[in-house]
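In: With the sequence up front, the predicted model follows.
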Amino acid sequence: MSHVYVTAFITPKPGQEETLEKELRAVVDLVRQEPGCIRYNLHRSSQGATPAFLFYETWASMDALEKHANTPHIQAMREKTAALRATSTVQIWEEADVENP
């Protein structure tokens, strides 16, 4: 079974950049300790007028990803950031041409 890859692209509402980043950062260490988490990295883009955030994730299986989505800390983060986010897009990817997975 191949790994599951996730990208989550998040843009803040105007004036909410720092607060949103703080809430996103708050879950990183907790998620990295979850069973099946291979990679969970938060990135910040400073291009353009408003910063954007990207989680790049690698999970051992779809089951591990589904369990992650239902953890209390992720559900709490979603609730805390709902009013801070202008947009949020999550995509799940599978390997198409990976030489060294």
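Out: Cool, got the structure. Owing to the predicted nature of the structure, the values given are computational and were not obtained by experimental measurement. Numbering: from 1, shown residues only.
In: alpha carbons only for contacts and neighbour counts from here, please
Out: OK.
In: For stretch 14-29, list every residue counted as buried.
Out: Within stretch 14-29, the residues scored as buried using 16 or more other CA atoms under 10 Å are 16-17, 20-21, 23-24, 28.
In: Can you tell me which of these lies closest to Phe9?
Out: Lowest distance from Phe9 to these (CA to CA) belongs to Leu24, with 11.6 Å.
In: I'd guess that closest one is in a helix, am I close?
Out: Yes. According to DSSP: H, G, I helix; E, B strand; the rest coil, Leu24 belongs to a helix.
In: give me every residue that touches the spatially most central residue of the chain.
Out: Residue closest to the mean C-alpha point of the chain, counted by CA atoms, centre = their mean, is Phe55 at 3.5 Å. Going by CA atoms under 8 Å, 6 or more residues apart in numbering, Phe55 touches 6-9, 40-43.
In: in which helix or strand would I find the residue nearest to it when sequence neighbours are not counted?
Out: For Phe55, ignoring the flanking residues on the chain, the nearest one in space by CA to CA, 6 or more residues apart in numbering is Leu42 at 4.5 Å. Using DSSP states H and E, Leu42 sits in strand 37-45.
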